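[1] Quick one: sequence and predicted model below, then my questions.
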Amino acid sequence: MAGAIAAALLIMIFAWPKHIQTVSAAELLSRAEAAQEDTRAGQHSYRLNVGASTCSTTDASWSQPTDSDSDLCGRVRVQLLKAHWDDRRMLSARSYRQWHDSLSRRRDSVLHQEPYWTIKTDTDQGLLRSASLSVRSSDYRPVGLTLEFAGLERVSVIESEPAAERRVYVPSREPETTVKGESVQDVDPAEDAIEAQAWKLLRSVGGDSGWEATITRKGSEVRVVGFIDDASRKEKFEEAFAQLQGVSTDLERPEALPKRGHSGEGQPLAEMTLERLIPDSHQRGERVTEIADASRAVVGKAFFCDQLIARRNAFQDSPAAHTLTPLIAEERADLFAATARLSGLLEPLLEPVQNNISHVPLSYSQARQLDTAILSLVNAAPQQTASLEETQEHIRSLLSKK
């Protein structure tokens, strides 16, 4: 008997987890709010699954007033507004917190099941009786929301990639890194140091995704050009760059930023594989959006890196060239990380499993090729496209560059 007890104690000592990770609901919401401050701002669109029905906030009827009980999507929106939940920022930790903190009676629970943290709040107050928000463990970005209203079926919400971004790229014969009337090749030694400072500041304010802004030269004038739809974020950029003498901003220039191609109309090449791997349609939609977003991030980072390298080459023997070298190293590290994350998301769809890791950063052109293949794989393929096997092989070859 004593031996059995001793054995049990030994098992408990060695088998018991050394560290149990815990987090409160308030702390989880704070982390998610902080993470969202650094993500892409602008217009957001959402897909809502309500029982067997689907609503989209991009539909013209979504924002129209309705008195009809038969209009399910209209009733959902009315319930959201009555609960003071912002339907323009629906998948938002801040929207969740505003509702959460308005409750005098509530019960919170937190679940950690990789790769997500989930906070759930239940109440007996108001029309919205329960909500749960899932965020990624890696970066606390919200990825899914479930709402339970009194008198309605459960509503699940995920963010839809804007139609303008759900595209398959068709390469253009014209270079896309130059804004008409401006050049990234102009060099004025007196302005090189200012330009190098502008590139560094762009990274420090979190504007180096490639999708918001870039730096150009027009004669001796250094310009921050791009497009930022969110007014507060745009103001943040303008205030930051106003501190650099000789630098102007023009954030109404989307043509200065990278592009993705046009949507295909065919079935995604990996649709059957996705259905087999992820039977739940909601989770499958989340994974497709996650892959498309990760591919977009690689395109943006590759665009930004290529522009930085072009500027360093243009500086030649200028001291500013050496200033850009450590910045390029940091951006390349980010590009490697983004590519590795994308590779991990794609791994189940690339058979046989790709074990080789790229040791050379993708160029902008290669990233666009990769993006084309990935969107054909999981999003919508063009009518005339490569086979599933050919597309998988093309993706593997780009992800394992030597």
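    Ah, there it is.
[2] just for the stretch 251-400 of the chain, where's the confidence low?
    Along the stretch 251-400 of the chain, the parts satisfying pLDDT under 70 run over 261-266, 352-359, 381-385.
[3] Enumerate every residue touching R276.
    R276 sits next to no residue when contact means Cβ atoms under 8 Å, 6 or more residues apart in numbering. Using the backbone N, CA and C atoms, a C-beta is placed for each residue, glycine as well.
[4] element containing it, please.
    If you go by DSSP states H and E, R276 is part of helix 271-277.
[5] In that helix, which residues are buried?
    Neighbour-count burial for helix 271-277 flags 271, 273-274 (criterion: 16 or more other Cβ atoms under 10 Å).
[6] Now for S138, how many residues are close by?
    Number of residues near S138 (other Cβ atoms under 10 Å) recorded here: 11.
[7] and the closest residue to it other than its chain neighbours, what is it in contact with?
    Using Cβ to Cβ, 6 or more residues apart in numbering and skipping residues adjacent in sequence, the residue nearest S138 is P115, 6.7 Å away. Contact analysis of P115 by Cβ under 8 Å, 6+ apart lists 136-138.
[8] ok, now with 10 Å
    134-138, 143, 290 (Cβ atoms under 10 Å, 6 or more residues apart in numbering).
[9] ok, now T54?
    The contact partners of T54, by Cβ under 10 Å, 6+ apart, come to 47-48, 72-73, 281, 285.
[10] Would you check how far apart it and S95 are?
    According to Cβ to Cβ, to the nearest Å, T54 and S95 sit 21 Å apart.
[11] Shouldn't P361 be within a strand?
    No: secondary structure assignment (DSSP: H, G, I helix; E, B strand; the rest coil) places P361 in coil, not in a strand.
[12] Neighbours of it, how many?
    The number of residues packed near P361 is 23, by other Cβ under 10 Å.
[13] That one reaches F336, doesn't it?
    Yes: contact between P361 and F336 holds when scored by Cβ atoms under 10 Å: they sit 6.3 Å apart.
[14] Give the intersection of the neighbour lists for the two.
    K301.
[15] ok, back up a step: which of the buried residues of helix 271-277 lies closest to D124?
    For the buried residues of helix 271-277, the closest approach to D124 (Cβ to Cβ) belongs to L274, at 39.2 Å.
[16] Now for that closest one: which residues touch it?
    Neighbour list for L274: 268, 281, 284-285, 287-288, 291, 348-349, 377-378 [criterion: Cβ under 10 Å, 6+ apart].
[17] same thing with E159?
    Taking Cβ under 10 Å, 6+ apart, we find E159 in contact with 44-47, 57, 90-92, 141-145, 285-286, 289, 293.
[18] try Q113
    Shown in contact with Q113 (Cβ under 10 Å, 6+ apart): 134, 137.
[19] mind starting the numbering at 551 from now?
    Understood, numbering begins at 551; the last thing we discussed is Q663.
[20] how far away is it from L912?
    Relative to L912, and taking Cβ to Cβ, Q663 is found at 33 Å.
[21] Could you do D867 as well?
    Computed as Cβ to Cβ, the D867 to L912 distance reads 28 Å.
[22] And for Q795?
    Noted for Q795: a distance of 35 Å to L912, by Cβ to Cβ.
[23] Pick out whichever of those two has more residues nearby.
    Taking other Cβ under 10 Å, Q795 and L912 do not tie; L912 has more neighbours (24 against 8).
[24] Double-check that one against C855; I have them as touching.
    Yes: L912 is in contact with C855 according to Cβ under 10 Å; the separation is 8.7 Å.
[25] any common contacting residues for these two?
    L885.
[26] Would you mind giving the domain segments of the protein?
    For the chain, automatic domain parsing gives the domain ranges 573-710, 739-949.
[27] what's I744 in contact with, if anything?
    Contact analysis of I744 by Cβ under 10 Å, 6+ apart lists 738, 767, 770-772, 794-797, 870.
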